[in-house]
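*Asks:* below are the sequence and a predicted model; questions follow.
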Amino acid sequence: MRKCFTVFLLVCSVLSFSANYLFDLVEQLAGVRDFVVDFDLTAEVKQNAESRVFHTSCLLAVRNLEDFYFLVKKPDFLSNLSFMYLSRTRRLVFGTGTSQDFETIDIPTAYITQSVLSALRLLQTPLVGIRSEGDYLILTFSKLVAQQVEEPIKVRLEIRDSQLKSIEILSPSEEEKISVKINRLVLNAKTDEYFQLPR
């Protein structure tokens, strides 16, 4: 299931695209450096033959593909927990509301961005098969790609009005899955308001 989280990060980058043309995806995202996405994440996993469900609501803001703001809205015991990373000063600010702390840490944001862009380019190759089922786009991976993971996974994207509405990453048996419902997505957003340091 750990590999599912890697694919989840890859698929989260697929924010908005035409259902018919995968090439539009890369073109649409290539110039986007600022965006805001509000989403709900639900994970259903099996632990000792018992099903467990985890649900959270979050907001992610990215500025210039360098600075990142992440806010947890639900569950209640984590609500208002936020993380803000400013790459130029290598400062990670975290906390809840006005109670915040910081650390100096070097997060390789350029490497992360390059990895995501490489993964998007991979979607254009014959290594990834794409088929349409109504409002859903199903991604299947060639044997070459599938051999790199312990369990082959299925990825299902829901598309309506040329916008990505949800992502599902499923285990082969479909007993375990990660679902992301996108509530709001703003590309080329004005994100400076999310990166105000507390005074």
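*Replies:* Yep, it's here.
*Asks:* pretty sure residue 111 is in a helix, no?
*Replies:* Yes: secondary structure assignment (DSSP: H, G, I helix; E, B strand; the rest coil) places residue 111 inside a helix.
*Asks:* need the phi and psi values for the nearest residue to residue 154 once chain neighbours are set aside.
*Replies:* Spatial nearest neighbour of residue 154, excluding adjacent residues (CB to CB, 6 or more residues apart in numbering): residue 170 at 4.4 Å. For glycine as for every other residue, the C-beta is placed from the backbone atoms N, C-alpha and C. Backbone torsions of residue 170, given as degrees, to the nearest 10, read phi -120, psi 150.
*Asks:* how much space separates residue 170 from residue 46?
*Replies:* 13 Å (CB to CB, to the nearest Å).
*Asks:* shared neighbours of those two, which are they?
*Replies:* Common contacts of residue 170 and residue 46, defined by CB atoms under 8 Å, 6 or more residues apart in numbering, comprise residue 176.
*Asks:* more neighbours: which of the two?
*Replies:* residue 170 (17 against 13; other CB atoms under 10 Å).
*Asks:* distance of the more buried one from residue 102?
*Replies:* Residue 170 sits 38 Å away from residue 102, going by CB to CB.
*Asks:* repeat for residue 68
*Replies:* Between residue 68 and residue 102 the computed distance is 14 Å (CB to CB).
*Asks:* higher neighbour count, the two?
*Replies:* Each of residue 68 and residue 102 has its neighbours counted (other CB under 10 Å); residue 68 has more, 21 against 15.
*Asks:* who does the residue lying closest to the more buried one once chain neighbours are set aside bridge with?
*Replies:* Leaving out its chain neighbours, the residue that sits closest to residue 68 by CB to CB, 6+ apart is residue 85, at 4.7 Å. Per DSSP bridges, the residues bridged to residue 85 are residue 68, residue 92.
*Asks:* surely residue 85 meets residue 65?
*Replies:* No: applying CB atoms under 8 Å as the test, residue 85 and residue 65 come out as separate, 12.0 Å apart.
*Asks:* who's more crowded, the two?
*Replies:* residue 85 (20 against 17).
*Asks:* how far away is that one from residue 66?
*Replies:* Going from residue 85 to residue 66 by CB to CB gives 9 Å.
*Asks:* what residues are shared contacts of the two?
*Replies:* residue 109.
*Asks:* which residues in the chain form helices?
*Replies:* 2-12, 22-30, 109-122, 143-146 (DSSP state H).
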